[in-house]
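> Okay, here's the prediction I keep looking at, along with the sequence it came from:
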Amino acid sequence: MQELIEFLVKSIVEDKDAVNIQMSKEDNCTLYTVKVSSNDIGHVVGKGGNVAQSIRTIAKSVNPRQRVRIKFDTI
């Protein structure tokens, strides 16, 4: 799952080296924190959050039984 999210994010951003993804387990959920350069956060979030929501939808469709949350942040 982490590789999929990394692939999707790196295909959008300009500074591919600044992409950092951390996984942590919460109660019954897996949280992925995606950190990108401050110049690229607009590309990842998209207009009205559409790109970020698309990334979340793709990640959730891989394994629908697993609860997944994705948080986007800047470095």
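That came in fine, so what should we check first? Numbering: from 1, shown residues only.

> who does the longest helix seen in the chain touch, helix- and strand-wise?
As assigned by DSSP state H, the longest helix anywhere in the chain is helix 50-62. Here helix 50-62 touches helix 2-10, helix 41-45, strand 68-74, going by 3 or more CB pairs under 8 Å, 6 or more residues apart in numbering; DSSP states H and E. All C-beta atoms are positioned from the backbone trio N, CA, C, and that covers glycine.

> Out of these, which gets nearest to C29?
Proximity to C29 (CB to CB) singles out strand 68-74 among the helices and strands packed on helix 50-62, at 5.7 Å.

> what's across from the spatially closest residue to R56 that is not a sequence neighbour in the sheet?
Nearest residue to R56 in three dimensions, chain neighbours excluded: I70, at 5.2 Å (CB to CB, 6 or more residues apart in numbering). Beta-bridge partners for I70, by DSSP bridges, are Y32.

> Quickly note the distance from I70 to T57.
Distance, I70 to T57, using CB to CB, to the nearest Å: 10 Å.

> repeat for M1
13 Å.

> What of E14?
23 Å.

> Which of the helices and strands packed on helix 50-62 sits closest to D27?
Ranking the helices and strands packed on helix 50-62 by proximity to D27 (CB to CB) places strand 68-74 first, at 10.8 Å.

> name the helices or strands packed onto the closest one?
Contacts defined by 3+ CB pairs under 8 Å, 6+ apart place strand 68-74 against strand 29-36, helix 41-45, helix 50-62.

> now these as CSV including distance to E6?
What follows is the helices and strands packed on strand 68-74, written out as CSV (distance: least, CB to CB, whole Å):
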stretch, distance to E6
strand 29-36, 8
helix 41-45, 12
helix 50-62, 11
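
> in the worst-scoring helix or strand of the chain on mean pLDDT, what's buried?
Ranking every helix and strand in the chain by mean pLDDT, DSSP states H and E puts strand 68-74 at the bottom, with a mean of 89. Applying a neighbour-count criterion of 16 or more other CB atoms under 10 Å, one finds V68, I70, F72 buried in strand 68-74.
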